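Chemist: Attaching a predicted model along with its sequence, questions to come.
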Amino acid sequence: MRRAINIVPGSGTRILLALLPFLLIACLYVVVSAERRAANPGDKLLPPIAEMATSMDRLATEPDRRSGDLTLWSDTTASLQRLFIGLGAAAAIGLVLGLTLGLLPVASAGLSPLVAVISMVPPMAILPVLFIILGLGELSKVVLIVIGIAPFLVRDLAMTVAAIPSEQIVKAQTLGASTWQVMLRVALPQAMPRLIEAMRLSLGPAFLFLISAEAIAAESGLGYRIFLVRRYLAMDVILPYVAWITLIAYVLDWLLARIARRGFPWAYAQEARR
């Protein structure tokens, strides 16, 4: 008897299996939405898909009366700008400190406990502190993203570098490599694939911190728009915005995965054989 663990679906079957849950969720939503509207024509909780499509078309194509901008695209641009700056800064901090802590015992002994403690601080708890110290502008929102994910990146990369076989470090030094050369030629290439994977795992928390900061103090952005229209129970805007955020996060995750596999194919050689 063929065991389930040995059944590997083909590419076409994979696509069908991946689409099936989304189709089921969409069908369930259509049915429940229609039932709620039949019972109460003024129901706003689950608007029909056509109504949400109309609202998104208006936000994407009609200029805002106050600013003249296309609302959806201006919100998306503002949020992505904050997200990319925050992710970039966090990745740089994570890479530098991760290599240092993972490779230098002295640095690890002195800084690892501090990084561990900082990583346990709930970022949302210090959001008011950031607003007080840095103001309500862009800097506080970016710093929240950095504080939220940089400690995780640092610890993850430090453990990755520390797990490099000692034989590689010894061989590099035997061939005359300095500390900098060991860091750049031995540790860095092996840390980069893990950095990209860690950033993929950090996308969800990064969006959480971004939306939270925008909801409290912003004049544009995806989180700002969601919390602006919630007072009107505008679910025809809120639900599509949530779906749009999810789609953006998925696309970024997909792009990072492609970058990792194109840039460091050796790190995924075992996975490719499956």
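Modeler: Okay, I see it. Residues are numbered from 1 along each chain as shown.
Chemist: Go ahead and flag the most central residue of the protein.
Modeler: residue 203 (1.0 Å; C-alpha atoms, centre = their mean).
Chemist: helix or strand for that residue, which one?
Modeler: Per DSSP states H and E: residue 203 is located in helix 188-216.
Chemist: got a list of what the residue nearest to the centre of the chain touches?
Modeler: Residue 203 makes contact with 249, 252-253, 256, according to C-beta atoms under 8 Å, 6 or more residues apart in numbering. All C-beta atoms are positioned from the backbone trio N, CA, C, and that covers glycine.
Chemist: can you redo those as TSV with neighbour count and pLDDT?
Modeler: Converted to TSV, the contacts of residue 203 look like this (neighbours: other C-beta atoms under 10 Å; pLDDT from 0 to 100):
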residue	neighbour count	pLDDT
249	16	95
252	19	96
253	15	96
256	19	95
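Chemist: now, which of those residues sits nearest residue 84?
Modeler: The closest of the contacts of residue 203 to residue 84 turns out to be residue 252 (C-beta to C-beta; 9.4 Å).
Chemist: Can you give me every residue that contacts that closest one?
Modeler: residue 203.
Chemist: rewinding a little: can you tell me how far the spatially closest residue to the residue nearest to the centre of the chain that is not a sequence neighbour is from residue 141?
Modeler: Closest residue to residue 203 apart from its sequence neighbours, by C-beta to C-beta, 6 or more residues apart in numbering: residue 249 at 5.2 Å. Distance, residue 249 to residue 141, using C-beta to C-beta, to the nearest Å: 17 Å.
Chemist: What strand or helix carries residue 59?
Modeler: helix 49-61.
Chemist: For residue 9, which non-adjacent residue is spatially closest?
Modeler: residue 17 (6.3 Å).
Chemist: where do the helices sit along the protein?
Modeler: 11-39, 49-61, 71-103, 105-119, 127-134, 138-162, 166-174, 179-182, 188-216, 222-229, 235-263, 269-272 (DSSP state H).
Chemist: what's the spacing between the longest one and its chain's center?
Modeler: Relative to its parent chain, helix 71-103 has a centroid offset of 10 Å by C-alpha atoms, centre = their mean, to the nearest Å.
Chemist: mean confidence score for stretch 104-121?
Modeler: On average, the pLDDT along stretch 104-121 is 90.
Chemist: Quick check: the residue lying closest to residue 238 once chain neighbours are set aside vs residue 7, distance?
Modeler: Closest residue in space to residue 238, ignoring its immediate chain neighbours: residue 226 at 5.5 Å, by C-beta to C-beta, 6+ apart. From residue 226 across to residue 7, the span is 41 Å (C-beta to C-beta).
Chemist: okay, the two: which has more neighbours?
Modeler: Between residue 226 and residue 7, counted using other C-beta atoms under 10 Å, residue 226 has the larger neighbour count: 20 against 8.
Chemist: hmm, back to that, double-check the residue nearest to residue 238 against residue 241; I have them as touching.
Modeler: Yes: between residue 226 and residue 241 there is a contact at 5.2 Å, judged by C-beta atoms under 8 Å.
Chemist: just to revisit the earlier point, show me what the helix holding residue 59 is packed against.
Modeler: helix 11-39, helix 71-103, helix 235-263 (3 or more C-beta pairs under 8 Å, 6 or more residues apart in numbering; DSSP states H and E).
Chemist: now the angle between helix 222-229 and it, please.
Modeler: With axes from the mean of the first three to the mean of the last three C-alpha atoms, to 10 degrees applied, the angle from helix 49-61 to helix 222-229 works out at 120 degrees.
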